[in-house]
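K.L.:
can you look at this prediction? I've put the sequence above it.
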Amino acid sequence: MITIDERRIDAAPEVAFQVAADVERWPDILPHYRWVRFQERRGFGEGLVEMAAWRDFVGPARYPTWWASDMTCDAHSRRIRYRHVAGVTRGMDVVWELDPDGAGTHARIVHEWDGPEWPLIGSVAANLVIGPHFISHIAGRTLAGVAAEAERR
């Protein structure tokens with residue numbers, strides 16, 4: 001499964017990177033995030049990070065999601081990488097790419113994953129349900145919120 005979510009941010013790439021990498025502030029700026037906390041910190045945006053978010057549905061219905069990732073950042077290239085190490089999405093690789101786009105930023109999130117280790121239905125569940133209806137949905141909301149915060153600064 002590969003999902004790609006992208007958008008333009010009307011802020012400098014360095015500002016967009018700072019907002020995107022400062023994951024502990026996400027619950028303050030992204031209402032769909034329940035919490036973000038480092039279980040092990042190795043520096044700014046580096047370490048084992050636990051995240052929990054809501055996947056909204058129609059009306060008041062929403063589903064809680066949770067995962068833990070090994071997070072690394074490269075401020076020079078403005079890349080943020082996650083390797084999911086716990087949760088349903090264990091084994092998923094994620095990269096945030098924040099590249100110059102005129103006076104703004106082209107932000108792109110790529111999720112790559114073989115799916116859960118569920119016999120027979122793992123890859124089908126990843127490609128037809130989890131990827132498009134959970135991962136891409138949450139990533140789209142996260143990108144919109146990161147863009148709004150970067151553009152506000």
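P.N.:
Perfect, thanks for sending it.
K.L.:
what ranges does the chain have for its strands?
P.N.:
Taking DSSP state E to define them, one finds strands in the chain at 2-9, 33-43, 46-56, 62-74, 79-86, 93-101, 104-112.
K.L.:
turn those strands into JSON lines, including mean pLDDT.
P.N.:
Listed next are the strands of the chain as JSON lines, based on pLDDT from 0 to 100:
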{"stretch": "strand 2-9", "mean pLDDT": "96"}
{"stretch": "strand 33-43", "mean pLDDT": "96"}
{"stretch": "strand 46-56", "mean pLDDT": "93"}
{"stretch": "strand 62-74", "mean pLDDT": "95"}
{"stretch": "strand 79-86", "mean pLDDT": "98"}
{"stretch": "strand 93-101", "mean pLDDT": "98"}
{"stretch": "strand 104-112", "mean pLDDT": "97"}
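K.L.:
among these, which is the most enclosed?
P.N.:
By mean neighbour count, with neighbours taken as mean count of other C-beta atoms under 10 Å, strand 104-112 ranks first of these at a mean of 20. No exception for glycine: its C-beta is placed from N, CA and C like everyone else's.
K.L.:
what is the orientation angle of that one with strand 93-101?
P.N.:
Orientation note: strand 104-112 sits at an angle of 160 degrees relative to strand 93-101 (axes from the mean of the first three to the mean of the last three C-alpha atoms, to 10 degrees).
K.L.:
and the longest helix for the protein?
P.N.:
helix 136-152 (DSSP state H).
K.L.:
residues of that helix that come out buried?
P.N.:
For helix 136-152, a neighbour-count test (16 or more other C-beta atoms under 10 Å) marks 136-139, 141-143, 145-147, 149-150 as buried.
K.L.:
can you check stretch 125-132 too?
P.N.:
Buried residues in stretch 125-132, defined by neighbour count with 16+ other C-beta under 10 Å: 125-126, 130-131.
K.L.:
identify, from these, the entry nearest to S77.
P.N.:
Closest approach between these and S77, by C-beta to C-beta: G131, at 25.5 Å.
K.L.:
where's that closest one relative to P119, distance?
P.N.:
Distance, G131 to P119, using C-beta to C-beta, to the nearest Å: 19 Å.
K.L.:
rewinding a little: mind listing which of the buried residues of stretch 125-132 are in helices?
P.N.:
Secondary structure from DSSP H places A125 of the buried residues of stretch 125-132 in helices.
K.L.:
which one of the buried residues of stretch 125-132 is nearest H106?
P.N.:
Distance to H106 across those (C-beta to C-beta) is lowest for G131, with 21.7 Å.
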